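Trainee: Predicted structure and sequence below. I'll ask about it afterward.
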Amino acid sequence: MMQITEPVTTLTDYALGAANLYFALATYNGMHPGNRVTGLLLLLGYLAEAISALAGGTFHGFATYLERDWLQRLWNLTMVFSGATVAFLAGGIHAASVRREHGLWIVAGVATAVAGLCIQATGFRARQPFNHNDVFHIIIIAAMYLFFVGARNLRDRGYSPR
């Protein structure tokens, strides 16, 4: 019988992946001519976070069954797509015309993500069930939700050649 190495971390990572797949699908369904650039960048950001979370969950869940090279590949995938998430989401916001009511949600999402990073960096309860990774994943799900609420109705910024 296969034993999952870190079951709670795997579950919270996969939940983070599933949430971001939902955000990606909802963003895709909400795309129209007025948000093509913003929508595409946000969609790519949510997909990147989903890939990062799913790779991270596999890394944490099946470490005892994977060779060192495969673990390193999974971790690299997790980190690269985590960085891509930030780049795509920031690009989406930069391409958008952001009004105050949307901006407050986005700022709340970013602030929540930073708080999650601070908690994750403490490493509290490392190697225990429900540890810093698990709390981080739950906080990031909340942060991505807040960000999504603010970003879902954004429109592309008007083009002005210089």
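Mentor: Cool, the structure landed. Numbering: from 1, shown residues only.
Trainee: right, and Tyr28 touches Leu40 too?
Mentor: No: with contact defined as Cβ atoms under 8 Å, Tyr28 does not count as touching Leu40 (9.2 Å). In this view, the C-beta of every residue, glycine as well, is placed from N, C-alpha and C.
Trainee: Compare neighbour counts for these two and give me the winner.
Mentor: Neighbour tally, Tyr28 and Leu40, criterion other Cβ atoms under 10 Å: the higher count belongs to Leu40, 18 against 14.
Trainee: mean confidence score for the helix or strand hosting Asn76?
Mentor: Per DSSP states H and E: Asn76 is located in helix 68-94. Per-residue pLDDT values over helix 68-94 give a mean of 97.
Trainee: so how far is the following helix or strand past that helix off the chain centroid?
Mentor: Moving toward the C-terminus from helix 68-94, the next helix or strand (DSSP H and E) is strand 96-97. How far strand 96-97 lies from its chain's middle: 21 Å, per Cα atoms, centre = their mean, to the nearest Å.
Trainee: In terms of secondary structure, what does strand 96-97 contact?
Mentor: Helices and strands touching strand 96-97, by 3 or more Cβ pairs under 8 Å, 6 or more residues apart in numbering; DSSP states H and E, are strand 155-156.
Trainee: for the strand it packs on, packing partners?
Mentor: Under the contact definition 3+ Cβ pairs under 8 Å, 6+ apart, strand 155-156 sits against helix 36-61, strand 96-97.
Trainee: Contacts for that strand next, please.
Mentor: Gly34, Asn35, Arg36, Val37, Thr38, Ala95, Ala96, Ser97 (Cβ atoms under 8 Å, 6 or more residues apart in numbering).
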